[in-house]
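*Asks:* Give me a model of this one.
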Amino acid sequence: MRSYFKLAWRNLWRNKRRTLITMASILFALFFALVMRSMQIGTYKRMIDNLVQVYTGYIQLHQPGYWEDKDINKSFTISDSLLESLIEIPNVKDAVPRLEYFALASSGQQTKGVAVIGIDPVREDKFTRVSKWITSGNYLEPSDQGVLVAKRLADFLAVEPGDTLVLLGQGYHGISVAGKFPVTGILNFPSPDMNSQMVYMNLPLSCEFFGTESRITSLSLNLKDPDRINETVALLRAHSSYRHLAIMTWEEILVELVQYIKADNASGLIFLMILYLVIAFGVFGTVVMMTAERKKEFGVMIALGMQKYRLAFVTILEMIIIGILGILSGVLLSIPILAWYYHHPIPLTGEYASIVEIYGMEPVMCFAFQPDFFIAQSLVVMGIVLAATMYPFITILRMNVIRSIRSKI
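*Replies:* Numbering: from 1, shown residues only. Sure, this is the predicted structure:
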């Protein structure tokens, strides 16, 4: 076997230009496939993180039918013991209670419908790190009577920290509610949708405002390992304390986001298949050229006594070595570029940024940097290379030695 590898290696460098051209075609093909897939996966992950880790959580518990209707009358009471029992469930990292409902926000002559979120400031900040989005003013303290307002909403209502925000609406069991609240801070979320409608206040203050006493509308859970979400949901549904509540995963909550990702991923895979098709034709063309150029060489070697299947095996080894070198070069070329853009996403500006924001997405181009897609793309390209080796293999086995030796190529 060692002699076969040595012979294959020497054959490769007898014609350096041909070998380097083949390697380059594999290198750039893998590089573009990695960049394209990294950008696609990175964008999806950023979209999910912007909503799941900043707002919804991986799992939510609420009254049956609440998510379809979002009626404050479908709220429920929560105890400290229930919260503690949730934390004790394997894979549950944090549990955050919220009271969410809608109101009309007003300041001066400006009014707008907003989502009012009652939160426990300490638990919420541990869960979603919401305090890091503060751009002016201060984060909520447990005893604060003020509110946090999202940036775009604050710009629309022309309010700043220290100003007063008026909230009007309907509370628990249809009571009319109204109140004036000082603006404590301004939040600048990565999600344009959240940035246009969110108002946060302390949970006890929101319960008092909407008249729910100590009732909440949802419990959001963060997980230690998001990949084990189905296992965690099964444990929750089997627990007697939570059987009266609806338990939903983020995929069931963010249906539109999941559908968008699936549709966009399908189109991305189609483009990736087209790229792989181009790669396959490029590699196959190079292999055909290499086989044609060496036809006379193959004929002479067979005439001197080398068995056809051994010669075919050496040729396959040559292509495998070229494939491995091309793949390693492509991976090594892409790693520093993808690593840089993973830590430094590309911000989108101008008209394209406006279009992206219309669809409720953050105007930034993110990249993923994870071993699995490096391995996956490398295996696909290696599969293409191995498929291409079938041509010289079959050609050598069917070769007419006399015609090959007389060949002018």
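
*Asks:* Which residue ranges of the stretch 201-350 of the chain form helices?
*Replies:* For the stretch 201-350 of the chain, applying DSSP state H, counting those that start in this stretch gives helices covering 203-210, 229-238, 250-253, 255-293, 295-303, 308-343, 350-358.

*Asks:* Which of the helices or strands spans the closest residue to residue 12 other than its chain neighbours?
*Replies:* Distances taken as CB to CB, 6 or more residues apart in numbering place residue 19 nearest to residue 12, at 4.8 Å, with adjacent residues excluded. C-beta here means a position set from N, CA and C on the backbone, and glycine is covered the same way. For residue 19, the element it lies in under DSSP states H and E is helix 16-51.

*Asks:* measure residue 152 to residue 14 for me?
*Replies:* Distance, residue 152 to residue 14, using CB to CB, to the nearest Å: 66 Å.

*Asks:* Looking at the two, which one has more neighbours?
*Replies:* The residue with more neighbours, out of residue 152 and residue 14 and counting by other CB atoms under 10 Å, is residue 152; that gives 18 against 10.

*Asks:* Residues in contact with the helix or strand that contains the more buried one: which ones?
*Replies:* According to DSSP H and E, residue 152 maps onto helix 151-157. With CB atoms under 8 Å, 6 or more residues apart in numbering as the contact definition, helix 151-157 has outside contacts at 105-108, 110, 112, 114, 135, 149, 160, 165, 183, 186-189, 192, 195-199.

*Asks:* List every C-alpha atom in that helix, with coordinates, as PDB.
*Replies:* C-alpha atoms of helix 151-157 as PDB (Å, rounded to 0.1, in the frame of the first residue of the first chain):
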ATOM      1  CA  LYS A 151     -35.900  53.200  21.100                       C
ATOM      2  CA  ARG A 152     -38.100  53.600  18.100                       C
ATOM      3  CA  LEU A 153     -41.200  53.900  20.200                       C
ATOM      4  CA  ALA A 154     -39.500  56.600  22.300                       C
ATOM      5  CA  ASP A 155     -38.500  58.500  19.200                       C
ATOM      6  CA  PHE A 156     -42.000  58.300  17.800                       C
ATOM      7  CA  LEU A 157     -43.500  59.500  21.100                       C
END
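
*Asks:* Please name every helix or strand in contact with the following helix or strand past it.
*Replies:* With elements assigned by DSSP H and E, the helix or strand that comes after helix 151-157 is strand 164-170. Contacts defined by 3 or more CB pairs under 8 Å, 6 or more residues apart in numbering; DSSP states H and E place strand 164-170 against strand 92-107, strand 110-119, strand 176-187.

*Asks:* Apply 6 Å and report the result again.
*Replies:* Using 3 or more CB pairs under 6 Å, 6 or more residues apart in numbering; DSSP states H and E as the contact test, the elements touching strand 164-170 are strand 92-107, strand 176-187.

*Asks:* Identify the residues contacting the strand or helix carrying residue 7?
*Replies:* Secondary structure assignment for residue 7, by DSSP H and E: helix 2-12. Applying CB atoms under 6 Å, 6 or more residues apart in numbering, the contact partners of helix 2-12 are 19, 314, 317-318.
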